[in-house]
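Undergrad: With the sequence up front, the predicted model follows.
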Amino acid sequence: EQRVAVELAFYGGMSPGEIAAQLGQPRAAVKTRIRLGMIKLAESLKSS
């Protein structure tokens, strides 16, 4: 779920509101998934 949200936001150029509408999820949940996904990505890149 985090990966999908991050991909749509950064590669798809979609806003959290647009992603929420497409996925049928609350905007706040999408924003949280993007934030947590970016944290995990940063940690992954830092450790490699």
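TA: Yes, it's here.
Undergrad: Look up which helix or strand residue 22 falls in, please.
TA: Using DSSP states H and E, residue 22 falls within helix 16-23.
Undergrad: Equivalent analysis for residue 41, please.
TA: Assigned by DSSP H and E, residue 41 falls in helix 27-47.
Undergrad: In terms of secondary structure, what does that helix contact?
TA: Applying 3 or more C-beta pairs under 8 Å, 6 or more residues apart in numbering; DSSP states H and E, we find helix 27-47 packed against helix 2-10, helix 16-23. C-beta coordinates here come from the backbone N, C-alpha and C atoms, glycine included.
Undergrad: Tell me which of the ones you listed lies nearest to residue 38.
TA: Between residue 38 and the helices and strands packed on helix 27-47, the tightest spacing by C-beta to C-beta is seen for helix 2-10, at 6.4 Å.
Undergrad: How about stretch 14-25, which residues are buried there?
TA: The neighbour-count check on stretch 14-25 (16 or more other C-beta atoms under 10 Å) flags 14, 16, 19, 20 as buried.
Undergrad: what sits against the third one?
TA: Going by C-beta atoms under 8 Å, 6 or more residues apart in numbering, residue 19 touches 5, 8, 9, 30, 34.
Undergrad: filter these to the buried ones?
TA: Counted by 16+ other C-beta under 10 Å, those give 5, 8, 9, 30, 34 as buried.
Undergrad: Just send those residues back as JSON lines, with pLDDT too.
TA: Conversion of those to JSON lines gives the following (pLDDT from 0 to 100):
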{"residue": "5", "pLDDT": "97"}
{"residue": "8", "pLDDT": "98"}
{"residue": "9", "pLDDT": "97"}
{"residue": "30", "pLDDT": "98"}
{"residue": "34", "pLDDT": "98"}
